[in-house]
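Visitor: Whatever this is, show me its structure:
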Amino acid sequence: MSSPLATAPPSPAADTGHAPFGATLAVLAATALLATSQLYGMIPLLDRAASGWNADPASLTWLVSVFGFGYAAGFLLFGPLSDRFGRRRVMVGGVAATAVTTALVAAAPSAGIGIVLRVLQGVTIGAFPPVAMAYVGERVAPHRRLVTVTAMTTGFLAAAVVGQLAAQGLAAAFGWRAFFLAGGAAFAAAAFALSRILLPDGPSGGGSPLAAYRTMLRLLPAPGLWPLFLAVPVVLGPFVAIYTGLQLTGTTGLLELRASALPVILAVPFLTARLARVPGPARAAAALALAAAGVALVGLLEPGTLGLALLLMLVTAGTAVAAPGLIDIVVARAGAARAPAVSLHSALLFAGASLGPQLAAALTGHGLRALGLVLAALLAAGALLVAASRRGPA
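Guide: From the prediction side, this is the model:
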């Protein structure tokens, strides 16, 4: 799995010093896990939050969605800003701000205020992922970049399981607000660790952020890229939707179902070298097709806990392979515009994840069958788009 920005040229704010490998890998991977856990962790809290606020659980799926929209907006905002103000400043400031916004979610007196605070929480932590990737490309020694990015990517993916398990456990023991109080404390610790471990920024510099935004607009219709950008939202959207649907339909054994996906996520990075032998478009298209088969069978069979766990493992495997695979293709085809292309890709990825809960809320009234089949159709369409993109210029 290659880094989206590992080969990007250094920004004017960077110098040639290499970051300490072990400490950098640990703090970036841990913060990656923590960041995206806040997206997925809300899913098992929907029923308890609804009870506390006297609201309908389906209506509270917006608490998941608006975080994802804010997260995506943060990618677009802070990636270009870090070119001018420095990677370390933006990362530390964003993570420190997230400690505050996360704790405020725990204090929200109503669903409406909670939704507003979740948007702010998403925006502030959106300062971390794209800037961390750029930092790795500039400050980590070249021969250490792949393993560092692999560790970060594993953190982002593992958050889908770890975030839900942590939220479910904390809510059962201390109430649903405990997940956000613990998260606020963890983000404060992460901001402190980042401030101590990341190398200082050089003098402020870089081009205008507006230039990066103009480049993103030019990339959207680019041949060979536009089919990929259309496919990107369906990578995480169905993944989030199926777990949200299981929560809303009261499926039993949710703890076991969530835990069953973790070994798959942890295994994928060890298969990177083998998977890299398959051309990127074929690999990503096949992964999306695998996920489509998994959710279709969930809908058609409506199996028990064991069967559902096995099918969710297929969905997880497809998602975990498709997500980095699409990044690799976008980077290869964007050329010198790879940094804006990755910011755009990441924003679309989490915009899709944000729509997942709304799909689940709209379709679970008709049962898991309807949800599974609609999600399968979306994933199949994404696979076809990626496969068709092979005919576009690289």
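Visitor: residue ranges with poor pLDDT in this structure?
Guide: In the predicted model, the chain carries pLDDT under 70 at residues 1-16, 204-207, 390-394.
Visitor: any idea how it splits into domains?
Guide: 1-207, 215-394 (automatic domain parsing).
Visitor: Neighbours of A111, how many?
Guide: A111 has 19 neighbouring residues, counting by other C-beta atoms under 10 Å. Heads up, the C-betas are built off the backbone N, CA and C, glycines and all.
Visitor: Contacts only, for it.
Guide: 49, 53, 55, 59-60, 63 (C-beta atoms under 8 Å, 6 or more residues apart in numbering).
Visitor: among those residues, which are in helices?
Guide: 49, 53, 63 (DSSP state H).
Visitor: burial of the first one, as a residue count?
Guide: Right, A49. Number of residues near A49 (other C-beta under 10 Å) recorded here: 21.
Visitor: ok, it - contacts?
Guide: A49 neighbours (C-beta under 8 Å, 6+ apart): 42, 55, 60, 63, 111, 114, 176.
Visitor: same question, A190
Guide: 27, 30-31, 34, 95.
Visitor: In TSV, list those along with secondary structure and distance to G250.
Guide: As requested, the contacts of A190 are exported to TSV (DSSP: H, G, I helix; E, B strand; the rest coil; distance: C-beta to C-beta, whole Å):
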residue	secondary structure	distance to G250
V27	helix	39
A30	helix	33
T31	helix	34
L34	helix	29
V95	helix	36
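Visitor: Going through the contacts of A111, which ones are buried?
Guide: Buried residues within the contacts of A111, counting neighbours by 16 or more other C-beta atoms under 10 Å: 49, 53, 55, 60, 63.
Visitor: if I look at the closest residue in space to V268 that isn't next to it in sequence, how far off is L157?
Guide: In space, and not counting its chain neighbours, V268 is closest to A320: 4.4 Å by C-beta to C-beta, 6 or more residues apart in numbering. Going from A320 to L157 by C-beta to C-beta, to the nearest Å gives 5 Å.
Visitor: Would you check how far apart the closest residue to A160 other than its chain neighbours and T316 are?
Guide: Using C-beta to C-beta, 6+ apart and skipping residues adjacent in sequence, the residue nearest A160 is Y40, 5.0 Å away. Distance, Y40 to T316, by C-beta to C-beta: 12 Å.
Visitor: thinking again about what came up before, just the closest of the buried ones among the contacts of A111 to G307, please.
Guide: Ranked by distance to G307 (C-beta to C-beta), the buried ones among the contacts of A111 are led by L60 at 28.6 Å.
Visitor: what sits against that closest one?
Guide: Contacts of L60 by C-beta under 8 Å, 6+ apart are 46, 49-50, 53, 111.
Visitor: again with L379
Guide: 234, 238, 288-289, 291-292, 295, 318.
Visitor: for the residues you listed, which one is nearest A185?
Guide: P238 (32.6 Å).
Visitor: what's the nearest residue to that closest one if we skip its chain neighbours?
Guide: The shortest distance from P238 to any non-neighbouring residue, by C-beta to C-beta, 6+ apart, is to L375 (3.9 Å).
Visitor: What residues of the helix or strand where the one you found lies count as buried?
Guide: Using DSSP states H and E, L375 sits within helix 368-388. For helix 368-388, burial by neighbour count (16+ other C-beta under 10 Å) applies to 368, 371-376, 378-380, 382-383, 385-387.
Visitor: Now do S37 against A159, distance only.
Guide: Per C-beta to C-beta, S37 is found 4 Å from A159.
Visitor: and what of A185?
Guide: 17 Å.
Visitor: got it, and P130?
Guide: For P130 relative to A159 (C-beta to C-beta), the value is 16 Å.
Visitor: what's the answer for L254, then?
Guide: 17 Å.
Visitor: More neighbours: which of these two?
Guide: Between L254 and A159, A159 has the larger neighbour count (other C-beta under 10 Å), namely 22 against 19.
Visitor: ok, that one touching Y40?
Guide: Yes: with contact defined as C-beta atoms under 8 Å, A159 reaches Y40; the gap is 5.9 Å.
Visitor: burial of L81, as a residue count?
Guide: That count, for L81 with other C-beta under 10 Å as the rule, works out to 18.
Visitor: Over to the one 3 residues further on?
Guide: Taking other C-beta under 10 Å as the neighbour definition, R84 ends up with a count of 17.
Visitor: State whether it and A212 are indeed in contact, as I suppose.
Guide: No: counting by C-beta under 8 Å, R84 sits too far from A212 to count as a contact (10.0 Å).
Visitor: For T251, see how far away P238 is.
Guide: From P238 across to T251, the span is 16 Å (C-beta to C-beta).
Visitor: which of those two has more neighbours?
Guide: The neighbour comparison of P238 against T251 (other C-beta under 10 Å) goes to P238, with 34 against 15.
Visitor: right, and the helix or strand after the helix or strand that one falls within?
Guide: Assigning secondary structure by DSSP H and E places P238 in helix 233-248. Downstream of helix 233-248, the next assigned helix or strand under DSSP H and E is helix 254-260.
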